[in-house]
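**Student:** Structure here, sequence nowhere to be found:
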């Protein structure tokens with residue numbers, strides 16, 4: 001039982017880390033906040049992190065009810081979600097900024113903490129799909145683990161954004177880009193796995 005929970009926890013963490021990728025998103029954060037001072041950057045990072053947390057956890061807690069409300073079947077969700085994750089991972093692997101995660105035209109105002117930072121960069125479709133995929137047929141213990149791990153992921157993201165100047169200066173954009181490609185590959189593999197699992201469930205394989 002303990003071993004299963006540990007495996008589940010690691011899978012959830014890797015899924016969230018791959019799709020949110022705080023280190024690879026650090027240059028994006030810096031590009032959005034511009035030349036604001038350190039305190040203002042921290043404030044924007046905090047608002048974005050809290051907003052993303054509330055959005056995703058709402059889907060985690062209400063996931064089963066959302067499925068029932070819209071008549072969404074688990075196989076259909078897994079197949080569609082898998083294709084979506086594969087698409088995001090493929091674009092990351094090809095060094096393209098995913099249109100799902102990024103907006104081409106961004107206004108540099110106070111709203112950037114909510115959009116596009118919280119939505120769709122942190123709490124985008126990929127993050128929500130990853131969260132809801134883990135709560136399908138999940139027990140309350142598993143849901144609790146997901147909430148805790150996502151809270152940890154949000155905290156890591158907040159710390160990464162708060163130290164964004166230092167991280168970019170220390171690691172450089174090239175190393176961050178390589179990490180982004182690795183996370184893209186992991187995400188594409190996870191997406192393929194989700195799709196295969198959905199097909200197996202659909203046809204009782």
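**Tutor:** Structure's in. What do you need? Quantities reported herein were computed from a predicted structural model and do not represent experimental measurements.

**Student:** residue ranges with poor pLDDT in the chain?
**Tutor:** 1, 96-110 (pLDDT under 70).

**Student:** Look through it and tell me its longest helix.
**Tutor:** Longest helix in the chain by number of residues (criterion: DSSP state H): helix 164-203.

**Student:** Check which helices and strands that helix is in contact with.
**Tutor:** For helix 164-203, the elements it packs on are helix 2-20, helix 26-33, helix 74-93, helix 125-135, judged by 3 or more C-beta pairs under 8 Å, 6 or more residues apart in numbering; DSSP states H and E. (Glycine included, C-beta is placed from N, CA and C.)

**Student:** Please tell me how far it is from the chain's geometric centre.
**Tutor:** Relative to the centre of its chain, helix 164-203 is centred 10 Å away, using C-alpha atoms, centre = their mean, to the nearest Å.

**Student:** what's the angle from it to helix 2-20?
**Tutor:** 120 degrees (axes from the mean of the first three to the mean of the last three C-alpha atoms, to 10 degrees).

**Student:** residues near the closest residue in space to residue 90 that isn't next to it in sequence, how many?
**Tutor:** Leaving aside its sequence neighbours, residue 90 sits nearest to residue 188 (C-beta to C-beta, 6 or more residues apart in numbering; 5.4 Å). Neighbour count of residue 188, defined by other C-beta atoms under 10 Å: 21.

**Student:** Show me which positions of the helix or strand containing residue 161 end up buried.
**Tutor:** Per DSSP states H and E, residue 161 falls inside helix 140-162. The neighbour-count check on helix 140-162 (16 or more other C-beta atoms under 10 Å) flags 142-143, 145-147, 149-150, 153-154, 156-158, 160-162 as buried.

**Student:** what's the answer for stretch 165-179, then?
**Tutor:** So, applying 16+ other C-beta under 10 Å, buried residues of stretch 165-179: 167-168, 176.

**Student:** Between the residues you listed, which sits nearest residue 74?
**Tutor:** Among the buried residues of stretch 165-179, residue 176 lies closest to residue 74 (C-beta to C-beta), at 35.7 Å.

**Student:** Pretty sure the closest one sits against residue 27.
**Tutor:** Yes - contact criterion C-beta atoms under 8 Å: residue 176 and residue 27 qualify, at 6.3 Å.

**Student:** Now for the two: what residues contact both?
**Tutor:** In terms of C-beta atoms under 8 Å, 6 or more residues apart in numbering, residue 176 and residue 27 are both contacted by the residues residue 168.

**Student:** Show the contacting residues for residue 147.
**Tutor:** Residue 147 makes contact with 57, 60-61 under the criterion C-beta under 8 Å, 6+ apart.

**Student:** make it 6 Å
**Tutor:** residue 57 (C-beta atoms under 6 Å, 6 or more residues apart in numbering).

**Student:** I appreciate the help and will end here.
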